[in-house]
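Undergrad: return a 3D structure for these sequence lines:
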Amino acid sequence: MISSAARTSSTPARSPRGFAAPSREVRPAPDRYRNAIGRHTVRRSADCVACGLCAELCPQGVHARAGGYGLALRPRDFLCLGPACSETDHYCIARCPRQALSLLRNPTAEALGDPRWTSDLILATWRQAETGHAITLGVEFRHGESGGGFDSLEFRFPDAAREPREIREVDPSASLRTSLGLDLNRRSDGRPQVHIDLPVYGGGMSFGSVSPHVMLARARAAEAWNTFSCTGEGGYPDRLRPYDHHMITQVATGLFGVREETIQRVRLVEFKYAQGAKPGLGGHLLGDKNTPAVARMRGAVVGTALFSPFPFHSVYSVEDHKKHVDWIKEINPQALISVKVSTPTDVDMVAIGSYYAGAHIIHLDGSYGGTGAAPDIAKKNIAMPIEYAIPKVHRFLEAEGVREEVVLVASGGIRTAYDALKSIALGADGVVIGTAELVAIGCVRCGACESGRGCPRGIATTDNELLKKVDVDWATQRLVNLMAAWREQMVEVLGRFGMSKIGELRGRTDCLRYLGELGAAGRNDD
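TA: Next comes the predicted model:
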């Protein structure tokens, strides 16, 4: 856990880029809106005499004195533990001498989310992004309520490790002993080794789909954690140039913004052959997000809808695929190659083909991902669920004798640190995230990502006024904090299995339990 001094550190130094220098140090990054949303609402009636007992009792800081006199009119109820606090001796509702306090479910929080991204998961992600720590605030931060996917899996911890999560803290010495790093080049092909400090990096979000402020924050957080962020298929904005060492440039089917100059700047180039949320449909950017800046980057006409075809019309065989890979390797002799594919039923054959084409990383993108711009009919009905695709590919590569020569990463609905670890237990080496980053900086999952002025939080927008809602320094710190919280959880889970390296969990399906038709009722939330 970090010290109180670290929590209250002074304003960080400024970098020559005009932003605070990226650091993985955890610093508080409170919600940017005055009335933060919490799971519960604490009401204080007119019977309150401002005795201050509640402020003295509450370790969460829900009740605060107003300038040293009396109590603040409105409790900071987004910090409230809710009924979970009733078993403690500091439960303000019961201890209030005038019975002036009451506890209700917050109807605003109840309106958030869906079975996959529940209200609890959204609130938990916000809280982790604010504090940099795994939370115990009475919300479920490990899984959703979809009844399928990663929500139908839980870890099978040894009996000796079955302690309630709420009373466990990460041992600082265990954190230092645990290695979560991942090497991305296993081919021994003379190209440089690229190492990331977490088995997580940011997926493609193109210029046009999200604001430039969001792209900058993601790049800066990737630099802080020595990992990567991806440009997506909309080109490589010049403002990302200082972060070349931690950027992935994407070559997608529309070839929007693809330039040899930018390919030569990076250490990792990604071919996007398909997206799990909409395989067979290609990409689509609606006209009102195609602003002059976006059109200039993509080499397009302002205001026109832009389509990326499916598939690459120059690739119809492994031999064609190899020509693509060789092209990039010739342009940048230092770059590693990642191949992003969706999850058709023959995804194992696609993966082995990419290996023989010379790819260093095989990126499986499942159907649970995508922003609100991806059509539900595609997300829910086309691709293979990622939890089936990962072990299928992992075992096939093992059977072919090449598993240790290629890195397998997975994306498509990785919402939490627990989802990431489940992916690794199924056979992946690491994961790629997208929506979780957007939620960390305030996304409410309203599903209006396709519209230029549709995003109320200024995240998935190209509108010059709306994008000002996201401060780059603040968003960077939120993403840094989220990764710190995820690291805490990863260290804890590995420790409960007696593991000290993330690679020890890979392919350990025996560490998982399938809930089946029991769903949430069969879950052992220890």
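
Undergrad: show me the contacts for Cys54.
TA: Taking CB atoms under 8 Å, 6 or more residues apart in numbering as the contact definition, Cys54 lies against 62-63, 71, 92, 95-96, 101. No exception for glycine: its C-beta is placed from N, CA and C like everyone else's.

Undergrad: what confidence value was assigned to it?
TA: According to the model's per-residue confidence, Cys54 sits at a pLDDT of 92.

Undergrad: send me stretch 303-317 as PDB with only the CA atoms.
TA: What follows is stretch 303-317 as a C-alpha-only set of coordinates in PDB (Å, rounded to 0.1, in the frame of the first residue of the first chain):
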ATOM      1  CA  GLY A 303     -18.000  14.700 -43.600                       C
ATOM      2  CA  THR A 304     -18.200  11.400 -45.500                       C
ATOM      3  CA  ALA A 305     -18.700   8.100 -43.900                       C
ATOM      4  CA  LEU A 306     -15.600   5.900 -44.000                       C
ATOM      5  CA  PHE A 307     -15.600   2.200 -44.400                       C
ATOM      6  CA  SER A 308     -12.800  -0.400 -43.900                       C
ATOM      7  CA  PRO A 309     -13.500  -3.400 -46.000                       C
ATOM      8  CA  PHE A 310     -13.400  -7.000 -45.000                       C
ATOM      9  CA  PRO A 311     -11.000  -8.600 -45.600                       C
ATOM     10  CA  PHE A 312      -7.800  -7.200 -47.000                       C
ATOM     11  CA  HIS A 313      -8.400  -7.600 -50.700                       C
ATOM     12  CA  SER A 314      -4.800  -8.500 -51.200                       C
ATOM     13  CA  VAL A 315      -4.800 -11.400 -48.700                       C
ATOM     14  CA  TYR A 316      -6.500 -14.700 -49.500                       C
ATOM     15  CA  SER A 317      -3.900 -17.200 -48.300                       C
END
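
Undergrad: return the distance of that stretch from the chain's centre.
TA: Mean C-alpha position of stretch 303-317 versus that of the full chain (CA atoms, centre = their mean, to the nearest Å) differs by 27 Å.

Undergrad: and the contacts of that stretch?
TA: So stretch 303-317 is contacted by 208, 233, 252-254, 256, 273-274, 279-288, 290, 295, 298, 300, 320-321, 323-324 (CB under 8 Å, 6+ apart).

Undergrad: then stretch 463-479?
TA: Stretch 463-479 has contacts (CB under 8 Å, 6+ apart) with 19-20, 22, 27, 29, 32, 129-130, 211-214, 216-218, 220-221, 224, 437, 440-442, 452-453, 455, 457-459, 461.

Undergrad: pull out the buried residues from that stretch.
TA: By 16 or more other CB atoms under 10 Å, the buried positions in stretch 463-479 come out as 463, 466-467, 469-479.

Undergrad: which of the contacts of stretch 463-479 are buried, as a ChimeraX select command?
TA: Selecting only the buried entries of the contacts of stretch 463-479 in ChimeraX, with 16+ other CB under 10 Å as the criterion:
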select :19,20,22,27,29,32,129,130,211,212,213,214,216,217,218,220,221,224,437,440,441,442,452,455,457,458,459,461
